[in-house]
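Participant: Structure, please.
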Amino acid sequence: MPDRLPSLIVLVGFWIPPAIAGWMAARSSARTERGHATGTYATLATFVLLYSAAWFYLNVGRMPPYIPGATADPTVSPPSAVTALAVFTGALVLPGSALACVLAFRRRRRTLVRRISVAHPTGRA
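Facilitator: So this is what the prediction gives:
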């Protein structure tokens, strides 16, 4: 079990880094204009895509050699397992990461905008 624990953490906790990125991006965009928010959204979308690709390649490299169809060489993953991991990444990790990023971004931005509007009712900082 201890040898599988890091893989389990990476598998289950895939949504944590995108949520942190969304949380941090909300702070930087809370005081910007609408035109700058588009750049923030594009940056977050790029981050989520790159993160999902990195997550896939990290897990392909960590695939254990004892899965069905594996060869004696632990550096070679069976094609069926790589395909299944690609489907899992595309069906769960990518949308789940995007959802976690968006939810964290919106929640953090909403609380920051409320604080700014309460502190400065005229909208001027």
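Participant: If you count residues, where's the longest helix of this structure?
Facilitator: Assignment by DSSP state H gives helix 34-61 as the longest helix of the chain.
Participant: so what does it touch, helix or strand wise?
Facilitator: Contact here means 3 or more C-beta pairs under 8 Å, 6 or more residues apart in numbering; DSSP states H and E; on that basis helix 34-61 packs against helix 5-12, helix 16-29, helix 79-88, helix 94-119. Just so you know, the C-beta spots here come from the backbone N, C-alpha and C atoms, and that holds for glycine as well.
Participant: Check those helices for me and report the most buried one.
Facilitator: helix 16-29 (a mean of 18; mean count of other C-beta atoms under 10 Å).
Participant: I'd like the average pLDDT over that one.
Facilitator: Per-region confidence: helix 16-29 scores 87 on mean pLDDT.
Participant: residues making contact with it?
Facilitator: 36-37, 40, 43-44, 47-48, 51, 97-98, 100-109, 112 (C-beta atoms under 8 Å, 6 or more residues apart in numbering).
Participant: Alright, that wraps it up for me.
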